[in-house]
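Q: Turn this into a structure:
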Amino acid sequence: MSDLGDKLSKAIEKRNGDINSWTWIDKNGDSVRLIDMSVDELQKCYTHALDMLYRNTNYKFGKYVVRENIHKIYNACNAELLHRFIQHELNVDIFKTNRDILDYINRFKEANHLTNNNNITDMFDGIPKEYEELTIGDLVRSCLDTLEPVNRRLISNEFIMSLGVWLTDEDKKDLTEYDSRGKLIPWLQVMRERLFITGGFFKIIPSGLSYQELRSLINLESHTKVSAIPSATLRLLRDKILLMLDQDLEYHIKKWTEIQQRIEEVAKYKGWELVNKYDSKK
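A: The predicted structure is shown next:
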């Protein structure tokens, strides 16, 4: 056999070996080989994998949909922080109210032939680096209070708790309570009771959230306008929570994409055609 033929033979052998080892964990926790499934069983697994990536309903979201919304929320938090920076930290009289900022934007756009799609750096020189990716339109939407709200359902309690806690001295003082016998109640117990947290556990790690940070996240309403969120919480969301959530989503997207591709490979090997209900929606 030629070198090319030998390489092809080994590649086919490896692929077949891989296909035979691919499994699916069913609802009972049992491992089932994909190659042993019927076409209906394989289709059911395929639809589930696609739902985990692309589903978009009122209560359940696929990983790609969540990531897209997380990026929108990140942008909204950043735009609101820029708005506050311009209005309260630049100390320029013409930027003290939303009307002042909007009037300036309109005049500047007209004079320089710009649109809301232009980068904010086309209007402001020397702006802090964290705002450089924003557009003029982002600032306009912040002034009009029409930015994407923070959807609390995308930031689950389970995810928040997975970040762990690290209490500051101020937190410990705030959480100090005693029982009827004068015995100190553990800080974490007091924290759970105050925040109405049941189930799960907190990891105590230096990179964890402070009690104040944890409280600010837990107490966010289901849909909160970024204009109603304190700057410290906006920075926490922008600089930590949303970035970590994005990284977590990337892991799950890769996992479910690999499962999707393996199912497609098995179907192709068996000569079956699976239905992708999201094909026309991508």
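Q: so where's the chain uncertain?
A: 1-17, 280-282 (pLDDT under 70).
Q: What are the boundaries of the strands in it?
A: All strands of the chain, identified by DSSP state E, fall at 23-25, 31-33, 150-151, 223-224.
Q: Can you convert these into a markdown table and add a column each for distance to residue 244 and mean neighbour count?
A: C-beta here means a position set from N, CA and C on the backbone, and glycine is covered the same way. Converted to a markdown table, these look like this (distance: least, C-beta to C-beta, whole Å; neighbours: other C-beta atoms under 10 Å):
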| stretch | distance to residue 244 | mean neighbour count |
| --- | --- | --- |
| strand 23-25 | 26 | 14 |
| strand 31-33 | 30 | 12 |
| strand 150-151 | 15 | 22 |
| strand 223-224 | 19 | 13 |
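Q: Put together a markdown table for those, with distance to residue 107 on each row.
A: What follows is these, written out as a markdown table (distance: least, C-beta to C-beta, whole Å):
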| stretch | distance to residue 107 |
| --- | --- |
| strand 23-25 | 61 |
| strand 31-33 | 66 |
| strand 150-151 | 32 |
| strand 223-224 | 33 |
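Q: For residue 236, find the nearest of these.
A: strand 150-151 (11.4 Å; C-beta to C-beta).
Q: who does the closest one touch, helix- and strand-wise?
A: helix 63-84, strand 223-224 (3 or more C-beta pairs under 8 Å, 6 or more residues apart in numbering; DSSP states H and E).
Q: Please compute how far it lies from its chain's middle.
A: 10 Å (C-alpha atoms, centre = their mean, to the nearest Å).
Q: outside of it, which residues touch it?
A: For strand 150-151, contacts defined as C-beta atoms under 8 Å, 6 or more residues apart in numbering pick out 69, 73, 76-77, 220, 222-226, 229, 237.
Q: name the helices or strands packed onto the longest helix along the chain?
A: Ranked by residue count, the top helix of the chain under DSSP state H comes out as helix 242-270. If you count contacts as 3+ C-beta pairs under 8 Å, 6+ apart, helix 242-270 packs onto helix 3-21, helix 39-54, helix 63-84.
Q: 10 Å instead, please
A: Packing partners of helix 242-270 (3 or more C-beta pairs under 10 Å, 6 or more residues apart in numbering; DSSP states H and E): helix 3-21, strand 23-25, helix 39-54, helix 63-84, helix 157-162.
Q: Would you indicate which residues of it are buried?
A: 242, 245, 248-249, 253, 256, 259-260, 262-264, 266-267 (16 or more other C-beta atoms under 10 Å).
Q: Spell out, range by range, the helices that occur in the stretch 101-250 of the chain.
A: For the stretch 101-250 of the chain, the helices defined by DSSP state H, counting those that start in this stretch occupy 136-143, 157-162, 169-174, 187-195, 211-218, 231-236, 242-270.
Q: now the angle between helix 211-218 and the fourth one, please.
A: Meaning helix 187-195. 30 degrees (axes from the mean of the first three to the mean of the last three C-alpha atoms, to 10 degrees).
Q: Kindly report the same for the first one.
A: Following the same axes, to 10 degrees, one obtains 90 degrees for the angle between helix 136-143 and helix 211-218.
Q: ok, residues contacting helix 136-143?
A: By C-beta atoms under 10 Å, 6 or more residues apart in numbering, the residues outside helix 136-143 that reach it are 75-76, 78-84, 86-87, 97-102, 105-106, 108-109, 114-124, 131, 134-135, 146-148, 226-227.
Q: Can you tell me what sits against stretch 206-216?
A: By C-beta under 10 Å, 6+ apart, stretch 206-216 touches 160-168, 170-172, 174-175, 187-188, 190-191, 194-195, 197, 202, 217-218, 229-230, 232-234, 236-237, 240-241, 244.
Q: Write a PyMOL command that selects only the buried members of these.
A: To isolate the buried members of those in PyMOL, using 16+ other C-beta under 10 Å:
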select buried, resi 160+161+163+164+165+166+167+171+174+175+187+188+190+191+197+202+217+218+229+233+234+236+237+241
